[in-house]
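Asks: based on what follows, work out the 3D shape:
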Amino acid sequence: MRIRGEFWRLGSCLILATLGLACGAAPKTNYYTVRLPQPPVATDAGKGQLGVALPQADHLLRQDRIVYFTQQHGLNYYQYHRWAEPPVSMVQSALIRRVQSAGLFGDVVPYRAQKGLDFVLRGRLLALEEVDSGTEVSARFGLQLELVRQEDAQVVWSGGKQCERPVGTKSVDAVVDALSSCVEEGLAELTRSLGAAVDELQRAAAAKQPEAKP
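Replies: Coordinates of the predicted model:
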């Protein structure tokens, strides 16, 4: 009985030691976000209120794992490298900052199905991922947007941007840097196109206004 008791105590110690080693071997999880510079602020602000909706996306871009595709079209995730928030949320926040800074509207807010807005900016996030093609690594970003006038649900502008940029170093940090550059380029281009459409809408609205009587 004494020998059996010693055996069970030894076995328990070995199991606990093994579990301890397994737990201690787990790598640290690293979190990332797209790193965008502060856009230049316009001196004049436009009119009206814009709501920016959370972009639609496949489930891959609505979770926090960083996605990469291989040459054989295989889909993989980094286990210990994750986004600080889902890509759709990061893009929504970046869009709000970019449009606010451009001064296209008097107020820019997250869209949560509220009424009383002048326009809603909605769209679909197509890609925010790493692509591995043999020895080449690239970062891929894609976004489609459309501006909807809320009072009659009419689409008054639409635009899209896709960007694929090579990554110099095979590391998650380098991939995130390249993705950040793509997002910055894409949002800047889309905001310029949106701004031109908003200017045209404002000119058309002003032309419809009756002339003031002397």
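Asks: counting by contacts, list what whichever helix in the chain runs longest packs against.
Replies: Criterion DSSP state H: the longest helix present in the chain is helix 172-208. Contacts defined by 3 or more C-beta pairs under 8 Å, 6 or more residues apart in numbering; DSSP states H and E place helix 172-208 against strand 30-32, strand 65-69, helix 87-102, strand 119-133, strand 136-149, strand 154-166. C-beta here means a position set from N, CA and C on the backbone, and glycine is covered the same way.
Asks: let's see that with 10 Å instead.
Replies: The contact analysis (3 or more C-beta pairs under 10 Å, 6 or more residues apart in numbering; DSSP states H and E) places helix 172-208 against strand 30-32, strand 65-69, strand 75-83, helix 87-102, strand 119-133, strand 136-149, strand 154-166.
Asks: let's have these in CSV, adding distance to Gly46, mean neighbour count and mean pLDDT.
Replies: Listed next are the helices and strands packed on helix 172-208 as CSV, based on distance: least, C-beta to C-beta, whole Å; neighbours: other C-beta atoms under 10 Å; pLDDT from 0 to 100:
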stretch, distance to Gly46, mean neighbour count, mean pLDDT
strand 30-32, 33, 15, 96
strand 65-69, 36, 19, 93
strand 75-83, 32, 15, 93
helix 87-102, 9, 20, 96
strand 119-133, 11, 20, 96
strand 136-149, 13, 20, 97
strand 154-166, 14, 15, 97
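Asks: out of the ones you listed, which comes closest to Tyr111?
Replies: strand 119-133 (5.4 Å; C-beta to C-beta).
Asks: quick one: that closest one to helix 87-102, angle?
Replies: Computed by axes from the mean of the first three to the mean of the last three C-alpha atoms, to 10 degrees, the angle separating strand 119-133 from helix 87-102 equals 130 degrees.
Asks: quick one, what contacts Thr135?
Replies: Residues in contact with Thr135, defined by C-beta atoms under 10 Å, 6 or more residues apart in numbering, are Gln71, Lys170.
Asks: any figure for the gap between it and Gln71?
Replies: Using C-beta to C-beta, to the nearest Å, one gets 10 Å for the distance from Thr135 to Gln71.
Asks: correct me if wrong: Leu143 contacts Ala188.
Replies: No - proximity of Leu143 to Ala188 does not meet the contact threshold set by C-beta atoms under 10 Å, at 11.9 Å.
Asks: intersection of neighbour lists for the two?
Replies: The contact sets of Leu143 and Ala188 overlap at Lys161 (C-beta under 10 Å, 6+ apart).
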